[in-house]
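> Fold the following.
(4 chains)
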Protein chains: 2
Amino acid sequence: MTEVLKSTRSLNVTEALRELLLQGEFDPGTRLQETWLAERMQVSRTPIREALRVLAKDGLLEYAPNRGYSVRHFSLDDIVSAFRVRSVLEGLGCRLIAERGMSDELTNTLQATLQTGENLLQSGQLERGEFDEWREMNKAFHLAILLETHNELLVRFAKQSRNIPIVFNGSFRWYSLREFHRAHDHHQVIFDAMKNQQPERADFMMQEHVMHAALILKKNYKD
Amino acid sequence: MTEVLKSTRSLNVTEALRELLLQGEFDPGTRLQETWLAERMQVSRTPIREALRVLAKDGLLEYAPNRGYSVRHFSLDDIVSAFRVRSVLEGLGCRLIAERGMSDELTNTLQATLQTGENLLQSGQLERGEFDEWREMNKAFHLAILLETHNELLVRFAKQSRNIPIVFNGSFRWYSLREFHRAHDHHQVIFDAMKNQQPERADFMMQEHVMHAALILKKNYKD
DNA sequence: ACCCGGCAAATTGTATACAATCTTTTCCTT
DNA sequence: AAGGAAAAGATTGTATACAATTTGCCGGGT
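Numbers count the residues shown, from 1 in each chain, chains lettered A, B, ... in the order given. Just a heads-up that it's a prediction; the model follows:
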């Protein structure tokens, strides 16, 4: 009954390579040669080429005809700019939902993530081991809102705007307990605003929330 | 001295195919077979496949592993949703510029487009022949603002959000003279707001401007 | 030493052959 | 006739061969 997940080498290589790039496996500027990658990934050049083309379109690689692909460098400005874009996208998401009212399903989902956040904060210091749980919770919160908009392009762009090394995993390693609390407060206010159909407030708070993350990153990121 | 524009069959095919799709050359749902396209485009399947992959990532095609690509259908909702996303993106663009103040270069460029718009409106009825000029002017106005932000992701997303059949060429065929005047007024207010460093006003008016275009499309588009 | 042709090697671009998968048809069973 | 395995055909996926282009190197001329 369960639909079998079909895939191809090309798709697998694309995601594997994307992961490597997002984890910062390759230094910016590094030239990615097809034969070298093909050997490393144990496939022929064909799927490699398709993967490279896609990742270049995603902005992770730079491309020049007849000269191949190289790993893109993201300046701090690039990253903050991406956050600013994401802030208005996710802000719009909140606004749309606040305007039309939340579904019971979204209400439940978000309440669950808020409870998870609450528990994590109560449990003590939020040590390294709990980063992953927080990350999960945070991702679930933001994604649930986006999906509820039923605006495909909005979801696509918001996701894509996180497709940046460093940013991708959420930079929670720099968060102090106070910062986790602040993020949690933001989540609560955003939820409350959407629940009470306050589009302006929901939008504004989400922008505030996202740009605060950018601010923390800006303070700590050296390059 | 002039740099030679290098390209490849793959890139050429991608753009050619994109153009066909944006012009609505293929009915939604149509299956695009690689061999058929290869024959039509007079190239082998290799560049065709790379083009299809990219266009699928752009949202113009749908893809299923081992089953190939088909032309995507855009509902009216899809299109209006895309406009809404574009409105906040371009709105953000205006806001950013209003915050930091306009460069002389942008001021000149925008004033030139405003003058062109003025001339077109004065020249009479804006018949079919003048649609193209209006389109050019409009495109120049919006693009100049976007580029001035120096926010690469913003530019990319805003451009991509126009990559939809029907939308792409601007639906000026449905504009009455009054509607052209309204669009022109919007442009003027947006310019004025940015010039006087009124971020909120600039942002708001750009959103209004974009969503008004969506409204006109909504009124006239039947499908 | 510097500047350049120009040849050789390396790398990307394209076509094609082959493999895997999906689709359609055939034909047997009930 | 309905259903369904199984083979045949069509289509996509991958590997590889070849072509085009770029890059690195060598040597001659100034």
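> what about the residue nearest to residue A:9 when sequence neighbours are not counted, neighbour count?
For residue A:9, ignoring the flanking residues on the chain, the nearest one in space by CB to CB, 6 or more residues apart in numbering or on different chains is residue A:47 at 4.4 Å. Backbone N, C-alpha and C define where each C-beta goes, glycine included. Using other CB atoms under 10 Å in any protein chain shown, residue A:47 has 19 neighbouring residues.
> and what of residue A:181?
Counted with other CB under 10 Å, residue A:181 comes out at 14.
> again, but for residue A:173
By other CB under 10 Å, the residues close to residue A:173 number 9.
> Please state the backbone phi and psi of the residue in chain A that DNA strand C sits nearest to?
Nearest to DNA strand C in chain A, going by CB to the nearest atom of the strand, is residue A:68, at a distance of 3.0 Å. Backbone torsions for residue A:68, taken as degrees, to the nearest 10, come to phi 90, psi -160.
> does any part of the helix or strand of chain A with the lowest mean pLDDT sit near chain B?
Least confident helix or strand of chain A, by mean pLDDT, DSSP states H and E, is helix A:128-148 with a mean of 90. No - under the criterion of CB under 8 Å from any CB of the partner chain, chain B is not reached by helix A:128-148; the shortest gap measures 11.6 Å.
> Kindly export that helix (C-alpha atoms) in PDB.
Extracted C-alpha coordinates of helix A:128-148, given in PDB (Å, rounded to 0.1, in the frame of the first residue of the first chain):
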ATOM      1  CA  ARG A 128      24.600  20.400  22.700                       C
ATOM      2  CA  GLY A 129      22.500  17.300  22.800                       C
ATOM      3  CA  GLU A 130      19.300  19.400  22.800                       C
ATOM      4  CA  PHE A 131      20.200  21.600  19.900                       C
ATOM      5  CA  ASP A 132      18.900  19.000  17.500                       C
ATOM      6  CA  GLU A 133      15.600  18.800  19.200                       C
ATOM      7  CA  TRP A 134      15.300  22.600  19.200                       C
ATOM      8  CA  ARG A 135      16.200  22.600  15.600                       C
ATOM      9  CA  GLU A 136      13.500  20.100  14.800                       C
ATOM     10  CA  MET A 137      11.000  22.000  16.800                       C
ATOM     11  CA  ASN A 138      11.900  25.300  15.100                       C
ATOM     12  CA  LYS A 139      11.800  23.800  11.700                       C
ATOM     13  CA  ALA A 140       8.400  22.300  12.400                       C
ATOM     14  CA  PHE A 141       7.000  25.600  13.600                       C
ATOM     15  CA  HIS A 142       8.100  27.600  10.500                       C
ATOM     16  CA  LEU A 143       7.300  24.900   8.000                       C
ATOM     17  CA  ALA A 144       3.800  24.300   9.400                       C
ATOM     18  CA  ILE A 145       3.000  28.000   8.900                       C
ATOM     19  CA  LEU A 146       4.400  28.000   5.400                       C
ATOM     20  CA  LEU A 147       2.500  24.900   4.300                       C
ATOM     21  CA  GLU A 148      -0.700  26.200   5.600                       C
END
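> Show me what that helix is packed up against.
Applying 3 or more CB pairs under 8 Å, 6 or more residues apart in numbering or on different chains; DSSP states H and E, one finds that helix A:128-148 contacts helix A:76-100, helix A:104-122, helix A:152-160, helix A:177-195.
> again, only this time at 7 Å
Helices and strands touching helix A:128-148, by 3 or more CB pairs under 7 Å, 6 or more residues apart in numbering or on different chains; DSSP states H and E, are helix A:76-100, helix A:104-122, helix A:152-160.
> Check which residues of the second one are buried.
Buried residues in helix A:104-122, counting neighbours by 16 or more other CB atoms under 10 Å in any protein chain shown, are found at A:106, A:109, A:110, A:113, A:114, A:116, A:117, A:120, A:121.
> The last one and DNA strand D: what is the separation?
So that's residue A:121. From residue A:121 across to DNA strand D, the span is 45 Å (CB to the nearest atom of the strand, to the nearest Å).
> pretty sure that residue is touching residue A:178, no?
No - contact criterion CB atoms under 7 Å: residue A:121 and residue A:178 do not qualify, at 10.7 Å.
> what angle do the least confident helix or strand of chain A and helix A:152-160 make?
Following axes from the mean of the first three to the mean of the last three CA atoms, to 10 degrees, one obtains 160 degrees for the angle between helix A:128-148 and helix A:152-160.
> Just the angle for helix A:128-148 relative to helix A:76-100, thanks.
Using the same axes, to 10 degrees: helix A:128-148 against helix A:76-100 is 50 degrees.
> Is residue A:5 in a helix, a strand, or coil?
Assigned with DSSP: H, G, I helix; E, B strand; the rest coil, residue A:5 falls in the coil class.
> That one and chain B, how far apart?
9 Å (CB to the nearest CB, to the nearest Å).
> sorry, back to before: for the buried residues of helix A:104-122, give me JSON lines that also has distance to chain B.
Formatted as JSON lines, the buried residues of helix A:104-122 follow (distance: CB to the nearest CB, whole Å):
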{"residue": "A:106", "distance to chain B": "18"}
{"residue": "A:109", "distance to chain B": "22"}
{"residue": "A:110", "distance to chain B": "22"}
{"residue": "A:113", "distance to chain B": "24"}
{"residue": "A:114", "distance to chain B": "26"}
{"residue": "A:116", "distance to chain B": "29"}
{"residue": "A:117", "distance to chain B": "27"}
{"residue": "A:120", "distance to chain B": "31"}
{"residue": "A:121", "distance to chain B": "32"}
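> Which of these sits closest to DNA strand D?
residue A:109 (33.5 Å).
> got a list of what that closest one touches?
Residues near residue A:109 by CB atoms under 7 Å, 6 or more residues apart in numbering or on different chains: residue A:144.
> Mind doing that once more with 8 Å?
By CB atoms under 8 Å, 6 or more residues apart in numbering or on different chains, the contact set of residue A:109 is A:140, A:144.
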